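**Student:** build the 3D model from these lines:
(chains A, B and C)
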Amino acid sequence: MKMTPKLATLLILAALVLLAPFLFPSNFYYRVGALIFVNSIAVTGIVILTGYAGQISLGHAGFAGIGAYACALAPAHFGIHPALAVVLGAAISALLAWLVGRPILRLKGYYLGVATLGLGILISMMLNNERQLTRGPDGIEVPELGLRALLKGWGLDLTNGQFWYYFCGLCMILGAWLALNLHNSPSGRALRALHGSEVAARTVGVDVARMKLQAFVISAVYASVSGSLLALQNKFITPDVAGFMHSIEMVTMAVLGGVGSVLGAIFGAAILTLLPQVLTVFAEYEQLVLGLVMMLVMIFLREGLLPSILRKLRRKGE
Amino acid sequence: MSELLQFLFSGVTVGAVYALVALGFTIIYNASDVVNFAQGEFVMLGGMITWFAHQAGIPLPIAAFLAISITAAIGVAMNKLAIEPARGAPIVSLIIITIGASIFLQGAAQLVFDKQIHDFPAFSGNTPIRVGGATILPQSLWVIGGALAVFVGLWIFFTRTLLGRAVLATSNNRLAAQLVGINTNFVMTLSFALSAGIGALAGVLATPITLTAYNVGIAFALKGFAGAMLGGMGNPKGALVGGFLIGLIEALTAGYLSSQYKDAAAFVVILLVLFVRPQGLFGRKSTDRV
Amino acid sequence: MTKTTAGALCALLTAFSLAPAAQAEIRLGASISATGPAAFLGDPEAKTLELLVEELNAKGGIDGEKIKLVLYDDGGDPNKARTFATRLIEDDEVVAIIGGTTTGASMSILAVAEDAEVPFISLAGAIEIIKPVRPFVFKTPHTDRMACQKIFEDMQKRGFTKIGMISGTDGFGASMQAQCKDVVGDYGIEIVSDETYNPTDADMTAQLTKIRNASGVQAVLNPGFGQGPSIVTRNYRQLAIDLPLYQSHGVASNGFIELAGAQAAEGVRLPGTALLVADLLAEEDPQREVVVAYRDAFEEKTKTPVGTFGGYAHDAFLIFTDAVARAGSTEPGDIRDAIEATAGLAGTTGIYNFSAEDHLGLDLSAFRMLEIKNGAWTLVE
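**Tutor:** Numbers count the residues shown, from 1 in each chain, chains lettered A, B, ... in the order given. Here you go, the predicted model:
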């Protein structure tokens, strides 16, 4: 059987999720792993929006905020199970993306950037200011998902850290699988055509506006689910999750790793999640190094870390 | 009536700072099609370096001059080291590079200076000037005057001088500009120096009102960016009007509607304007090259 | 390809797992917002802890055992704070954690500490941190509710019944705003105008004009920290509002007087701690010795004025070392029990008396109403 890139990506991800714990020096690394997977889900959405469709968003953390606060608020106010709240959050995010997407996506480049930025800021401002509902900037508790207890009942006893590691890992692989399917579908091809040249895509009959909107909505759902998982895992959430810096972080992870492929973007998420943990040794220089890394990678490895590394390796192999 | 006047004073004071930042965005955008998210850090550097030099005993005007020159040099270095090598990179990469530069400058500032909040004395004292029942600080007049002076200076530069037209020509078509003998590299260097200098000037003028710290840059960058986009990127007139408009919208919303949502009002207006005019208020309509 | 990616990951993982396992020391963990929006608070807290650990170790530590401080900067991000708390417990194997500069960060850390049964002393204000009481969670600062009460007590004494409020929208300002609105009724005071500003705002004259024009306002209260309150105070004088202005404990530092300007800050009142009026304390005041010692050491080392927030870190460290010494053990459980039994411990913030029902250990008496006169702090009454 010939291995397709899709199958290869999924196998690599699965192998990493399963094998990495054998190298963990302590239980702390389950936490880092789970964070990498949560971020990976968000950046997979960015791959669809930016990598496939060529659109920019500087406000996707807003959708992560919606997903996160759905998990905090829906169970408390409507008595919904937290798992259903994830779906509810995703639905609200999708609806919002669909409503604002049409007018926003007519904009190009930096204008699209400022419009999405505004959208993200509006959402984070609401989470901050609507104190009666969200309890404001100090944050709010999120109920227990309850899945761990359920697994325990079935004889699978995991620590909290382990559970979230494997659960988020599974969600990440699922998200990657869906994104890769999209990539190979007619819609995916149309999206990529549009990335190449909107005018050209239009002339060959691609409904450009509809395709862009589709990518925007799907990526919003990814961001929302990632926010939900973060909230459920931390059992506490603050409006920071919807902040501008989080939006930038998502885009940076994806682009740094290589926004053209799911694997590349996930690699970026892993690097940028690990970086602050590595840099604690010289905490004072953390910002300096982070800024430097961002600039250097974008200047010298333009397509992103993973594609550039792979190319170098391939060249060496020849 | 005096109430409205007070809101307007508040709006133009803050708006003038935004306008200065927006003008800085515009110059770099004109020369290189790059939106420089580190623009806010220039404002921070202007304020912090002036404070640092002043508390070391250097007279304020010299400290301010030092701050503007050093920041301009940092702008030039940023162009040489980070922007020029990345020419032709997609917009997302450029955004990340300039945000990277912004984080880098913040990190450097907290090491070189400190993490405390600082200020230095106002240029003409702190006695408020009373006008029709409202008050305005002399320093506000400095900021407003600074914004208008920079705008007029830029306008003359871009329309009346050969060099200014060379900058515009470079922004329109880099290759054609090179063909007619314009040193486009020099144009880029000049633009970054000018833009960083104007940012630093904003910091020097505004710090006695707004105070400064290593992390104030990002807020200025966001508001200035919003102002520049509202007016239409690449147009100094748009930047000036956009900056002042954002300041006024904020102050009037805080005064008459809700201070909680005054920032929201500014972004709602931007979204509405962009829906109707995707190129901003004064921007040129762009056509795709196929 | 699989191999190389896995290899890279391996290298990265091992790169930062080389923590030495020397155990002849007491490992104290800290996660503090030394950078980010709360750096103004976190920076002095981090410096205080470093200073105190150095001082104590120079003196030979606790019963000959030196303290090893593992300090992380969470940048005020609750998600990062949770990660660092996990790292402190799982990887660094600390016996206690001090930190959580902001309420959000504290709430994130406390869940981890509670699960792992490691004592956590929070440096944040909100009452939710210790109410309901959680066995392993303590805190050193007064709650913002107490700050409101102290201020309203003073207003009541001066006969004010209608006030205006202008609050920052950051966690500190918003939380205190809510607490103040909650207790204001107990003092027969009505809030007739309630405005906010963003922590990065440059001008608050619009909001203050609105407050001034609200009918019957007799005083104004400004909950917030950072540069906001300084700008509010300056704008207040610019508009020549002659009503009494109250600030919160969020700006209780000489830095505030410097930034607002002695002229503009004249007459401003706020609930502060003994730290700011060290020289005005009576000789027999039980806090005098500790307050003067800390102030001198901090100002000598950092060349910056001492403030309430560094004091919170000082007190947390004091409570921890006191508990370890009394427990004669470095088991987290024993330290927790000893902290809960703390009695009559004089810190910079007040005299701490913990109990099973009270994990804050301070009462309103620890707050002192201060007024700025001629650019210096004075005690009211």
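**Student:** and chain C, what are its domains?
**Tutor:** With domains defined by automatic domain parsing, chain C comprises C:25-142+C:294-363, C:144-278+C:366-379.
**Student:** got a pLDDT number for residue 171?
**Tutor:** Just going to use chain A. pLDDT for A:C171: 95.
**Student:** my question was about chain C, not that one.
**Tutor:** On pLDDT, C:G171 comes in at 84.
**Student:** for it, what are its contacts?
**Tutor:** Counting by CB atoms under 8 Å, 6 or more residues apart in numbering or on different chains, C:G171 touches A:G136, A:P137, A:D138, A:T238, C:T102, C:T103, C:G104. From N, CA and C alone the C-beta is placed, and that goes for glycine too.
**Student:** of those residues, which is the nearest to chain B?
**Tutor:** Lowest distance from chain B to the contacts of C:G171 (CB to the nearest CB) belongs to A:G136, with 10.7 Å.
**Student:** state the phi and psi torsions of C:L370.
**Tutor:** With angles defined as degrees, to the nearest 10, C:L370 sits at phi -110, psi 150.
**Student:** dump the residue contacts of A:A190.
**Tutor:** Counting by CB under 8 Å, 6+ apart, A:A190 has contacts A:A201, A:V206, A:M211.
**Student:** could you list the low-pLDDT ranges of the chain?
**Tutor:** Went with chain A since none was named. For chain A, the stretches with pLDDT under 70 are A:1-2, A:317-318.
**Student:** look at chain B instead
**Tutor:** For chain B, the ranges with pLDDT under 70 are B:1, B:284-290.
**Student:** quick check: the residue in the stretch 201-350 of chain C that chain B sits nearest to vs B:G247, distance?
**Tutor:** The stretch 201-350 of chain C approaches chain B most closely through C:A202 (3.7 Å), counting by CB to the nearest CB. Plainly put, C:A202 is 9 Å away from B:G247 if you go by CB to CB, to the nearest Å.
**Student:** need the overlap of contacts for these two.
**Tutor:** B:T13, B:V14, B:V17.
**Student:** in strands only, show me these.
**Tutor:** Secondary structure from DSSP state E places none of these in strands.
**Student:** please identify the helix or strand for residue 31.
**Tutor:** Answering for chain A, as no chain was given. helix A:28-46 (DSSP states H and E).
**Student:** chain B, not that one
**Tutor:** Using DSSP H and E, B:A31 maps to helix B:2-32.
**Student:** that helix near chain C at all?
**Tutor:** Yes. With CB under 8 Å from any CB of the partner chain as the criterion, chain C is reached by helix B:2-32 at B:E3, B:Q6, B:F7, B:F9, B:S10, B:G11, B:T13, B:V14, B:V17.
**Student:** ok, back up a step: from the contacts of A:A190, which is closest to chain B?
**Tutor:** Within the contacts of A:A190, distances to chain B taken as CB to the nearest CB reach their minimum at A:A201, with 11.3 Å.
**Student:** quick one, what contacts the closest one?
**Tutor:** By CB under 8 Å, 6+ apart, the neighbours of A:A201 are A:A190, A:A193, A:L194, A:V208, A:M211.
**Student:** what's the neighbour count on the second one?
**Tutor:** When you say that, I think you mean A:A193. Other residues lying near A:A193 total 18 when counted by other CB atoms under 10 Å in any protein chain shown.
**Student:** what's the burial count for residue 153?
**Tutor:** This is for chain A. Look at A:G153: counted by other CB under 10 Å, it has 9 neighbours.
**Student:** other chain: chain C
**Tutor:** By the measure other CB under 10 Å, the count of residues near C:E153 is 15.
**Student:** residues contacting it?
**Tutor:** Under the criterion of CB under 8 Å, 6+ apart, the neighbours of C:E153 are C:Y187, C:L364.
**Student:** for the stretch 151-300 of chain A, list the residues in contact with chain C, please.
**Tutor:** Within the stretch 151-300 of chain A, the positions adjacent to chain C are A:160-161, A:230, A:234-238, A:240-241, A:267, A:270, A:274, A:276-278, A:280-281, A:283, A:286-287 by CB under 8 Å from any CB.
**Student:** next, C:R269: phi, psi?
**Tutor:** Taking degrees, to the nearest 10 as the convention, C:R269 sits at phi -110, psi 150.
**Student:** where does whichever residue of the stretch 201-318 of chain A sits closest to chain C fall, phi/psi-wise?
**Tutor:** Closest contact between the stretch 201-318 of chain A and chain C, by CB to the nearest CB, is at A:T238 (4.1 Å). Main-chain torsions, A:T238, degrees, to the nearest 10: phi -120, psi 170.
**Student:** ok, it touching C:P78?
**Tutor:** Yes. Here A:T238 reaches C:P78: they are 4.9 Å apart, a contact under CB atoms under 8 Å.
**Student:** the closest residue in space to C:I130 that isn't next to it in sequence in helix, strand or coil?
**Tutor:** Distance criterion CB to CB, 6 or more residues apart in numbering or on different chains; nearest residue to C:I130, sequence neighbours excluded, is C:H359 at 4.3 Å. Recorded secondary structure, C:H359: coil (DSSP: H, G, I helix; E, B strand; the rest coil).
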